[in-house]
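[1] Sequence first, predicted model second:
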Amino acid sequence: MENQTVETLGLLQERLCLDFVNTSDEHPSQPNADYLTSYAHLLEWSVYSKTISQEQAKQLHQLAGQYPEKADEALRFAISVRETLFSVLDAAAENRQPDMTAMQAFNGILARAMSHLHMTPTSDNFCWTCVLDENDLETMIWPVVWSTAELMTSHDLHYLRECASDDCEWLFLDTSKNHSRRWCSMTSCGNRSKARTHYQRARKPN
């Protein structure tokens, strides 16, 4: 994803947690397939996904400048969380039990995320709100983890799929009419797959 911007990543914006795991095309992540190569990129993704505001990002950017080692640690934590979330969600997409180590890691992360949840009144009910802290360089991670927990306990989990492309491991929700969607995006992976198939057929001798 060299020189890739968050706007051109083509994130599907179906669920916050899926947009987060889809910041890498491969898992475990590789530098050439990973968008999150700096804390600045993590902030850019967080603003783009509306996880934090521009003002919150500005404050976190200043904090990262004051404590660069802590910012690097926060980035490593974010990537480790992403890999844990992918491991658990990918297992669900393939209708298999998740690795127990990954599940234990997820529950540990979830416990930390839940300490940032508050019950907030609405006009006619109550809802969970993830409270962000501009003094916490990891603050954007907690809404992502909570989004994962919500997906894992929702009916939408039945529609979770992994892209069928050989060079893409993006996860998506198959809400197509016949639940037959194969690619994360028809305009990218789908078209590339069709082009490869056409090329291979064209090369076959008559």
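    Okay, I see it.
[2] Now do the strands for this structure: every range, in order, please.
    Ranges of strands in the chain, per DSSP state E, are 117-121, 126-130, 160-162, 171-173.
[3] winner for burial among those?
    strand 171-173 (a mean of 21; mean count of other C-beta atoms under 10 Å). No exception for glycine: its C-beta is placed from N, CA and C like everyone else's.
[4] how far away is the residue nearest the centre of the chain from W146?
    The residue lying closest to the centre of the chain (C-alpha atoms, centre = their mean) is F20, at 1.8 Å. Separation of F20 from W146 (C-beta to C-beta, to the nearest Å): 12 Å.
[5] Over to V88?
    On the measure of C-beta to C-beta, V88 and W146 end up 14 Å apart.
[6] what's the model's confidence in the lengthiest helix in the chain, averaged?
    As assigned by DSSP state H, the longest helix anywhere in the chain is helix 68-93. What helix 68-93 shows for mean pLDDT is 98.
[7] Show me what it is packed up against.
    Where contact means 3 or more C-beta pairs under 8 Å, 6 or more residues apart in numbering; DSSP states H and E, helix 68-93 is packed against helix 16-21, helix 39-48, helix 54-66, helix 100-114, helix 141-152, strand 160-162, strand 171-173.
[8] In CSV, list those along with distance to D133.
    Compiled in CSV, these are given as follows (distance: least, C-beta to C-beta, whole Å):
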stretch, distance to D133
helix 16-21, 18
helix 39-48, 13
helix 54-66, 9
helix 100-114, 13
helix 141-152, 9
strand 160-162, 30
strand 171-173, 28
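[9] who wins for proximity to T187 among these?
    Closest approach to T187 among those (C-beta to C-beta): strand 171-173, 13.2 Å.
[10] mean confidence for the closest one?
    Averaging pLDDT along strand 171-173 yields 96.
[11] about what we covered before: so can I have CSV of the strands of the chain showing distance to R181?
    Shown next, in CSV, are those (distance: least, C-beta to C-beta, whole Å):
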stretch, distance to R181
strand 117-121, 33
strand 126-130, 30
strand 160-162, 7
strand 171-173, 7
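[12] The ones you listed: which one's closest to Q62?
    Closest among these, once you apply C-beta to C-beta, is strand 126-130, at 22.1 Å.
[13] orientation of the closest one relative to strand 117-121 in degrees?
    Taking axes from the mean of the first three to the mean of the last three C-alpha atoms, to 10 degrees, strand 126-130 and strand 117-121 form an angle of 140 degrees between their directions.
[14] what packs against strand 126-130?
    With contacts defined as 3+ C-beta pairs under 8 Å, 6+ apart, the packing partners of strand 126-130 are strand 117-121, helix 141-152.
[15] Can you name the residues in contact with the shortest one?
    With C-beta atoms under 8 Å, 6 or more residues apart in numbering as the contact definition, strand 117-121 has outside contacts at 126-131, 146.
[16] again with the longest one
    For helix 141-152, contacts defined as C-beta under 8 Å, 6+ apart pick out 15-18, 20, 51, 77-78, 81, 85, 88-89, 92, 106, 109-110, 112-114, 116-117, 128, 130, 132, 157, 160.
[17] Now restrict those residues to buried residues only.
    For the contacts of helix 141-152, a burial check counting by 16 or more other C-beta atoms under 10 Å picks out 15-18, 20, 51, 78, 81, 85, 88-89, 92, 106, 109, 113, 116, 130, 132, 160.
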